[in-house]
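*Asks:* Coordinates only, no sequence provided:
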């Protein structure tokens, strides 16, 4: 598993990132500049997610040291911050950040950007394939691939996020609560019935596929081969 260091002191953000990334990556957490710098010096990470405002300093200053003095210039750094003005973004990039995400953020956006940075680093494709479906994660496009022919299936951003959550861990059941948190985030007022409605529309859109979305009583949803 790829190793990611997350440096942030917001417990809600840490919990959300843990839930979003832990299935695919080995995570290490630090809540201060000094602790994060120590982790970077002592360990090898494939990517760093770094908050800008921390109890003992600015993330952009640590980013600059990571890139210029710690000998870790090849590690991609994604900055997280509540600051949204252009000057703040330019400051992050001037410090050496490879990407910049404003808070509050959607979990899938972070996941897609992590995949994108690692893809650039490794030269690999940013896709997920299940049976005859291919998900292009960064562009959020879905293709049906059958008999050497491929057809794009138009999905809304919400539908793509739901499908991705169901597809990324093969055979995994996703409860409504999980989908509410990972697709909409807990800051939005969405009810279980909304999940059901989106899943129903998504199921119809992929009806040509060998895969379908199955409802499991009191458990949630599963992406599986049609009976």
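*Replies:* Good, I have the coordinates. Since the model is a prediction, treat every value here as computed from it, not as a measurement.

*Asks:* Where does residue 215 sit: helix, strand or coil?
*Replies:* Here residue 215 is strand, with the state taken from DSSP: H, G, I helix; E, B strand; the rest coil.

*Asks:* wait, what's in contact with it?
*Replies:* Residue 215 is in contact with 199, 221, counting by C-beta atoms under 8 Å, 6 or more residues apart in numbering. All C-beta spots, glycine's among them, are computed from the backbone N, C-alpha and C.

*Asks:* ditto for the one 10 residues further on
*Replies:* Residue 225 is in contact with 131, 210, 211, 212, counting by C-beta under 8 Å, 6+ apart.

*Asks:* and the gap between the residue sitting nearest the centre point of the chain and residue 55?
*Replies:* With distances taken as C-alpha atoms, centre = their mean, the residue of the chain nearest its centroid is residue 111 (1.2 Å). Look at residue 111 and residue 55: by C-beta to C-beta, to the nearest Å, they are 27 Å apart.

*Asks:* farthest-separated two in the contacts of residue 225?
*Replies:* Maximum pairwise distance in these, criterion C-beta to C-beta, is 10.3 Å, between 131 and 212.

*Asks:* Tell me where the model's unsure across the protein.
*Replies:* 84, 120-126, 138, 170, 185-192 (pLDDT under 70).

*Asks:* change it to 50
*Replies:* 123-125, 187 (pLDDT under 50).

*Asks:* per-domain residue ranges of it.
*Replies:* As given by automatic domain parsing, the domain ranges for the chain are 2-122, 127-225.

*Asks:* quick one, which of those is packed in tightest?
*Replies:* Among the domains of the chain, domain 2-122 has the highest mean neighbour count (mean count of other C-beta atoms under 10 Å), at a mean of 18.

*Asks:* ok now it, how far from the chain's centre?
*Replies:* 13 Å (C-alpha atoms, centre = their mean, to the nearest Å).

*Asks:* ok, now stretch 165-176?
*Replies:* Centroid separation for stretch 165-176 versus its chain: 15 Å, with C-alpha atoms, centre = their mean.

*Asks:* do the same with stretch 169-187
*Replies:* For stretch 169-187 - counting by C-alpha atoms, centre = their mean - the centre lies 13 Å from the chain centre.

*Asks:* hey, what's residue 224 bridged with?
*Replies:* residue 212 (DSSP bridges).

*Asks:* before we move on, what SS does the residue nearest to the centre of the chain have?
*Replies:* Relying on three-state DSSP, one would call residue 111 helix.

*Asks:* Kindly provide the distance from the nearest residue to it once chain neighbours are set aside to residue 132.
*Replies:* Of all residues not flanking residue 111 in the chain, residue 20 sits nearest, at 5.6 Å (C-beta to C-beta, 6 or more residues apart in numbering). Using C-beta to C-beta, we find residue 20 at a distance of 27 Å from residue 132.
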